[in-house]
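Have a look at this prediction, sequence included:
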Amino acid sequence: MSRIGKKPIDIPQGVEVKIDGQKVTAKGPLGEESVNVRSEIKVEIKDNQVVLTKVVDSREADALYGLSRTLVANAVHGVKDGFVKNLEIQGVGYRANMEGKNLNLALGYSHPVIVEPPAGITITVEANTKITVKGSNKQTVGDVAAFIRAKRPPEVYKGKGIRYEGEYVRRKAGKAGKK
């Protein structure tokens, strides 16, 4: 039995949650998110909280119980506060700037790398080396941040590239040289 699945989800002020069969929709100041919950899980609203219960007692239902609760909680949190991923660029000549809504990256290639954010995602750049990805959907924010990082992941000899804020890059020694 999932301990996470048992915890009710508080509905914050300014967020409206609707349940239509197995579809849970959260609407708030940052937009609207919906989650399709599998039929093994039942979703109800009790005392301004979203409560999930298992309908079937099986291994698969046990696995889906905590997952479903987390997905609904992320939707509720996302429409209220949103999610943020911060990226850092390190390396001489590596920089980022915004051209309208698109992110323009200079990463040492012979051409600029242009990243178009999907709907619901906003990208901002500070001081040419700090990129912030914001949105109401946790998975989309993480996917966009990973997509940007994949354009030039940090290399192990000098640490140049795009990394998550606070990410530790293990460095290698390089050539030993003559003795």
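Yep, that arrived.

pLDDT of the helix or strand Leu64 falls within, averaged?
Using DSSP states H and E, Leu64 sits within helix 59-80. The average pLDDT within helix 59-80 is 90.

From the chain's centroid, how far away is the host helix or strand of Lys134?
Using DSSP H and E, Lys134 sits within strand 130-135. When C-alpha coordinates are averaged (Cα atoms, centre = their mean, to the nearest Å), strand 130-135 and its chain have centres 10 Å apart.

which one's the longest strand in the chain?
For the chain, the longest strand by residue count, based on DSSP state E, is strand 83-90.

My guess is Leu103 contacts Thr122. True?
No - using Cβ atoms under 8 Å, Leu103 and Thr122 do not qualify as a contacting pair, with a distance of 10.5 Å. From N, CA and C alone the C-beta is placed, and that goes for glycine too.

tell me which residues in the strand holding Lys134 are buried?
Buried residues in strand 130-135, counting neighbours by 16 or more other Cβ atoms under 10 Å, are found at Ile131, Val133, Lys134, Gly135.

So what are the sheet partners of that strand and their directions?
Its sheet considered, strand 130-135 pairs with strand 83-90 (antiparallel), strand 121-126 (antiparallel) by DSSP bridges.

any idea how far Gly142 is from Glu16?
Glu16 sits 25 Å away from Gly142, going by Cβ to Cβ, to the nearest Å.

So between the two, which is more surrounded?
Neighbour totals were compared for Glu16 and Gly142, and Gly142 leads with 14 against 11 (other Cβ atoms under 10 Å).

which SSE is the more buried one in?
With secondary structure defined by DSSP H and E, Gly142 is part of helix 138-150.

Tell me the gap between that helix and the middle of its chain.
6 Å.

helices or strands up against that helix?
Here helix 138-150 touches helix 59-80, strand 83-90, strand 113-115, strand 121-126, strand 130-135, strand 161-164, going by 3 or more Cβ pairs under 8 Å, 6 or more residues apart in numbering; DSSP states H and E.

go again using 6 Å as the cut-off
When contacts are defined as 3 or more Cβ pairs under 6 Å, 6 or more residues apart in numbering; DSSP states H and E, helix 138-150 packs onto strand 83-90, strand 130-135.

So for the longest one, what gets flagged as buried?
Of the residues in strand 83-90, those scored as buried under the neighbour-count criterion (16+ other Cβ under 10 Å) are Phe83, Lys85, Leu87, Glu88, Ile89.

Please convert those to JSON lines, extending it with distance to Gly174.
Output for the buried residues of strand 83-90, formatted as JSON lines (distance: Cβ to Cβ, whole Å):
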{"residue": "Phe83", "distance to Gly174": "38"}
{"residue": "Lys85", "distance to Gly174": "31"}
{"residue": "Leu87", "distance to Gly174": "26"}
{"residue": "Glu88", "distance to Gly174": "22"}
{"residue": "Ile89", "distance to Gly174": "22"}
